[in-house]
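Participant: fold the following and give me the result.
(chains A and B)
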Amino acid sequence: MHLGLEMSLRDWPIRKKLTALLLLISSLVLLLTSAAFVTYEVAAFRQMTLKNLSTLGRVIAANSTASLAFANQADAQEILSALRAESHVVAAALYDKDGRLFSRYPATLRDDALPAAPERDGYRFEHGYVIGLEPVAETGNPRLGTLYLQSDMKAVSHTLRLSAAIAAGVMAISLLMAYFLAAVLQRRVADPILALAETAAAVSTRQDYSVRAPKLGEDELGTLTDAFNLMLGRIEDQNRELRRHATELEQRVADRTHELEDRNEALRRNAAELLAANTELDAFAYSVSHDLRAPLRSIDGFSQVLLEDYGTQLDEPGRDSLQRVRAASQRMALLIDDLLKLARFSRAEMRTEVVDLSKIAGEIAAELQRSTPERQVEIAIAQGLEARGDARLLRVVLENLLRNGWKYTAKQPRPRIEFASVAGNGERVFLVRDNGAGFDMQYADKLFGVFQRLHSAAEFEGTGVGLATVRRIITRHGGRIWAEAVVDQGATFYFTL
Amino acid sequence: MNPGKILLVEDNPDDVALTMRALKSHNITNDVVVAQDGAQALDYLFGAKGKAPVGDLPAVVLLDLKLPKVNGLEVLQRIRAAEATRLLPVVILTSSDEERDIIDGYSLGANSYVRKPVDFVEFTEAARQLGLYWLLMNRVAPAPRKL
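Facilitator: Residues are numbered from 1 along each chain as shown, chains lettered A, B, ... in the order given. Just a heads-up that it's a prediction; the model follows:
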């Protein structure tokens, strides 16, 4: 309950809080002030009441000396009845010097309403009355008796009521004024805070950092407003910066995307062109395969017809010429075939698998031996050499390299061909080595070009397409090929896959 | 001797002359019928425009692939599609040794595929062997010719 009240107080709007605070303080101050005023009034009045009663007492006592001295009761009665003018005196009595009741006022007053005997002298408040006991005596003579006075407190309570009413009135007016003043003055404090709160709400709901809180003074709230506005400014700046960066980034992404699209487009175009080129190359190769050989067949054929039918009519140089025509046409047919092979192996689809190179090399060696049974060549093939690649294409590689070895060791008395592998730079390097004719290393760069030959056809026959085909296949496998050689001591071809 | 004929489907006159010479030089005396394109070959085998075929079926067809009008593979297809010539021996004799020609030829039911050598001596030898094999050694399936 207490906590709930506190919570609700805490949740009050600041204006209400400020007004309540001001009113509370004002009420407290007014209450204390009024209490002091009333207390003072009452105290002062009581004092005056005592003083008035004692004055009255002294006057009546002085007048009563004679009646007491002479025991004249009627006189005493008369003196006391003068008290009628003092309406607040409710009872009075005279006691003789022995303390016996001598006279009473009013005359009808019962005995028990008066003290039986006078007590100690003096004036005091007792049982809601002011009572006074005044000695009666001639100046300088022995005491004759005692005067008793009893006064009610009506005057006192009247004064109390009056001053309380005045205090209440003042308090009411003051509080009313305090309320209006508070209502006006609390704005001075509340308005800047409310303005700040409103601005903060606007910022948080609209995400609008361009708004600013109005500054309403140079006090601490003014400083707070300044700090708040400064903070908003910073946030706005940073926001702007962030947005700028974001825009830049977007622009950059868009640019990059555009660039990529362009490149993709270019790639697609290239791929399409490549496909078209390949298709054309296919058609070209097909046409070459069919059409280029036919005329050669005619040239060779009819040269042979001439030799057969008219050979006797020709002299030796004539027949030789025809033989040369035939040789040339046959050589051209060989060139066409080799070129077609090169084209074919460049285009052929690759089927990658683990290939036993040693086995293939063995088969090729056996074939070579069968084709030229009269030659004695030592062929050393390292066993268990495997590689990933297209079996058919790798066979072409080994066939070309081993056939080269076979061919170029023809003039060697103890021909030897080797197929092995070595480790180099963390990769497997295969090698085909022979101890044949070799070649001059300064021409090594021409070795793998199409139609490039380092030996004359008279020395060793060949078209100069074989090694070009080999390199094409190795390249398609992602490998490299190179060679080392010494003239007349042999050549070594290295390749990786 | 087998009385069968050879149907030579060949558009190049030089090749025709050389083939005839090669066959003759080896005393392969059978008649050689020459068709200069695929259409002529089909006319010979199936008869031109509704007419009956000119003569009996040949013992063997020597078929070039690159031919005007109807190419060799189409001719082969037609031969294999017709009931009468379904089992007729067809030897593809051509310049090309393109893999796809060889595969297509056999796929369509060629009995043999021979590439014409440029060297005429070899060519003559090839012609001789073809003649001997297909005319003398090979037994042809009985022709179920419907009349």
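
Participant: gap between stretch A:144-161 and the chain center?
Facilitator: Its chain's C-alpha centre and that of stretch A:144-161 lie 87 Å apart, by Cα atoms, centre = their mean, to the nearest Å.

Participant: average pLDDT across that stretch?
Facilitator: Averaging pLDDT along stretch A:144-161 gives 86.

Participant: what does the stretch 51-200 of chain A put close to chain B?
Facilitator: Contact residues (Cβ under 8 Å from any Cβ of the partner chain) of the stretch 51-200 of chain A with chain B: there are none. (Each C-beta comes from the backbone N, C-alpha and C, glycine too.)

Participant: how about the strands in the stretch 51-200 of chain A?
Facilitator: A:89-96, A:101-105, A:122-126, A:129-137, A:143-151 (DSSP state E, counting those that start in this stretch).

Participant: buried deepest among those, which one?
Facilitator: strand A:143-151 (a mean of 24; mean count of other Cβ atoms under 10 Å in any protein chain shown).

Participant: helices and strands around that one, which ones?
Facilitator: If you count contacts as 3 or more Cβ pairs under 8 Å, 6 or more residues apart in numbering or on different chains; DSSP states H and E, strand A:143-151 packs onto helix A:14-69, strand A:89-96, strand A:129-137.

Participant: in its sheet, what does it sit against?
Facilitator: With DSSP bridges as the test, strand A:143-151 is paired with strand A:89-96 (antiparallel), strand A:129-137 (antiparallel).

Participant: export the ones you listed to CSV and tack on mean pLDDT and distance to residue A:486?
Facilitator: Output for those, formatted as CSV (pLDDT from 0 to 100; distance: least, Cβ to Cβ, whole Å):
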stretch, mean pLDDT, distance to residue A:486
strand A:89-96, 89, 160
strand A:129-137, 89, 153
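
Participant: ok, residue A:320 - how many residues close by?
Facilitator: Other residues within reach of residue A:320, judged by other Cβ atoms under 10 Å in any protein chain shown, total 11.

Participant: now do the phi/psi pair for it.
Facilitator: phi -60, psi -40 (degrees, to the nearest 10).

Participant: how close does it sit to residue A:314?
Facilitator: 9 Å (Cβ to Cβ, to the nearest Å).

Participant: again with residue B:123
Facilitator: The value you get for residue B:123 to residue A:314, if Cβ to Cβ is used, is 22 Å.

Participant: who does the lengthiest helix in chain A touch, helix- and strand-wise?
Facilitator: Looking across chain A with DSSP state H, the single longest helix is helix A:220-287. When contacts are defined as 3+ Cβ pairs under 8 Å, 6+ apart, helix A:220-287 sits against helix A:154-206, helix A:316-347.

Participant: near chain B at all, the helix or strand just after it?
Facilitator: For helix A:220-287, the following helix or strand on the C-terminal side (DSSP states H and E) is helix A:293-310. Yes - contact of helix A:293-310 with chain B (Cβ under 8 Å from any Cβ) involves A:293-294, A:296-298, A:300-305.

Participant: what comes up buried for helix A:293-310?
Facilitator: Neighbour counts over helix A:293-310 (16 or more other Cβ atoms under 10 Å in any protein chain shown) mark A:293-294, A:296-307 as buried.

Participant: for it, what is the distance to the chain centroid?
Facilitator: Counting by Cα atoms, centre = their mean, helix A:293-310 comes out at 88 Å from the chain centroid.

Participant: pLDDT of it, averaged?
Facilitator: If you average the pLDDT values across helix A:293-310, you get 92.

Participant: so what does it touch, helix or strand wise?
Facilitator: Helix A:293-310 packs on helix A:316-347, helix B:13-25, helix B:120-131, going by 3+ Cβ pairs under 8 Å, 6+ apart.

Participant: what's the closest of those helices to residue A:47?
Facilitator: Each of those has some distance to residue A:47 by Cβ to Cβ; the shortest is helix A:316-347, at 135.5 Å.

Participant: dump the helix or strand just after the closest one to CSV, keeping only the CA atoms.
Facilitator: Going down the chain from helix A:316-347, the next helix or strand is strand A:352-356, by DSSP H and E. Extracted in CSV, the C-alpha atoms of strand A:352-356 (Å, rounded to 0.1, in the frame of the first residue of the first chain):
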residue,chain,number,x,y,z
THR,A,352,39.6,-39.0,-66.0
GLU,A,353,40.5,-42.2,-64.2
VAL,A,354,43.5,-43.8,-62.6
VAL,A,355,45.7,-44.9,-65.5
ASP,A,356,48.4,-47.6,-65.2
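
Participant: quick one: average pLDDT of strand A:352-356?
Facilitator: Rounded mean pLDDT across strand A:352-356 is 93.

Participant: same question, stretch A:414-429
Facilitator: 90.

Participant: got a list of contacts for it?
Facilitator: For stretch A:414-429, the external contacting residues (Cβ atoms under 8 Å, 6 or more residues apart in numbering or on different chains) are A:357-358, A:361, A:365, A:375-382, A:385, A:387, A:398, A:402, A:405-406, A:409, A:430-436, A:494-497.

Participant: any low-confidence regions in chain B?
Facilitator: Residue ranges of chain B with pLDDT under 70: B:1-3, B:29, B:50-52, B:54-55, B:143-147.

Participant: try it again with 80
Facilitator: B:1-4, B:26-30, B:48-56, B:141-147 (pLDDT under 80).

Participant: can you check the stretch 251-400 of chain A too?
Facilitator: A:282, A:286, A:288-290, A:346-348.

Participant: how about residue A:458, phi and psi?
Facilitator: phi -70, psi -40.

Participant: what about it, how many residues close to it?
Facilitator: 6.

Participant: gap between it and residue B:102?
Facilitator: 35 Å.

Participant: quick one on the thing from earlier: helix A:154-206 and the longest helix of chain A, what's the angle between them?
Facilitator: 20 degrees (axes from the mean of the first three to the mean of the last three Cα atoms, to 10 degrees).

Participant: what residues does chain B have near chain A?
Facilitator: So chain B meets chain A at B:12, B:14-15, B:18, B:21, B:65-66, B:94-99, B:116-121, B:123 (Cβ under 8 Å from any Cβ).

Participant: any of those residues buried? List them.
Facilitator: Counted by 16+ other Cβ under 10 Å, the residues of chain B next to chain A give B:12, B:15, B:18, B:21, B:65-66, B:94-96, B:98, B:116-120, B:123 as buried.

Participant: can you list the strands paired with strand A:143-151 in JSON lines and add distance to residue A:464?
Facilitator: Output for those, formatted as JSON lines (distance: least, Cβ to Cβ, whole Å):
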{"stretch": "strand A:89-96", "distance to residue A:464": "159"}
{"stretch": "strand A:129-137", "distance to residue A:464": "154"}
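
Participant: which one, of those, ends up nearest to residue A:75?
Facilitator: Nearest of those (Cβ to Cβ): strand A:89-96, 10.4 Å.

Participant: kindly format the C-alpha coordinates of the closest one as CSV.
Facilitator: Taking Å, rounded to 0.1, in the frame of the first residue of the first chain, the C-alpha atoms of strand A:89-96 are listed here in CSV:
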residue,chain,number,x,y,z
VAL,A,89,-16.4,36.1,37.5
VAL,A,90,-18.6,33.2,38.3
ALA,A,91,-17.9,32.9,42.0
ALA,A,92,-16.4,34.9,44.8
ALA,A,93,-16.1,34.6,48.6
LEU,A,94,-14.6,36.2,51.7
TYR,A,95,-13.1,34.1,54.4
ASP,A,96,-12.3,35.5,57.9
